[in-house]
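[1] No sequence on hand, only this structure:
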């Protein structure tokens, strides 16, 4: 059957795989532990000093060797956020070492940090829903 005949898959794109229960469980455990480490540890990168960082989600690769950590500083503009994410990526080895002492899994995954844009997207959606043309249409 060809990709265009009802397979539900667009050609050229890999299928989206559901995360296993183990991936979800380990990702959530890493999220909790990283949040605790960032609160109590003194990470010596100057770009992280004085910033409260929220770890919102951790996605683990199927082989459990890579972890994509979505995070964002609680306050600051886009430039501050970029500096903080870059500093987290520079400190990934240190954070991985601290994390390895607290997890009960055999191998601690490599950490890669990315800025979580979901809050910005939610704010934009909320702004659009409150705009006069949309509010008027919703009242009909």
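    Yep, it's here. None of the values given here were measured: they were computed from a predicted structure.

[2] what residues are up against the closest residue to residue 97 other than its chain neighbours?
    What sits nearest to residue 97 in space, not counting adjacent residues and going by CB to CB, 6 or more residues apart in numbering, is residue 108, at 8.0 Å. All C-beta atoms are positioned from the backbone trio N, CA, C, and that covers glycine. Applying CB atoms under 8 Å, 6 or more residues apart in numbering, we find residue 108 in contact with 96-97, 99-100.

[3] ok, now with 7 Å
    If you count contacts by CB atoms under 7 Å, 6 or more residues apart in numbering, residue 108 has them with 96, 99-100.

[4] Out of the residues you listed, give me the one that has the most neighbours.
    Comparing the contacts of residue 108 on neighbour count, residue 99 comes out first with 21 neighbours (neighbours: other CB atoms under 10 Å).

[5] State the pLDDT value of residue 2.
    According to the per-residue confidence, residue 2 scores 44 in pLDDT.

[6] One more: residue 51?
    Reading off the confidence values, residue 51 has pLDDT 87.

[7] try residue 8
    46.

[8] all strands for the protein, in order.
    Applying DSSP state E to the chain gives strands spanning 53-60, 66-73, 110-115.

[9] Buried deepest among these, which one?
    Of the strands of the chain, the one with the most neighbours on average (mean count of other CB atoms under 10 Å) is strand 66-73, at a mean of 20.
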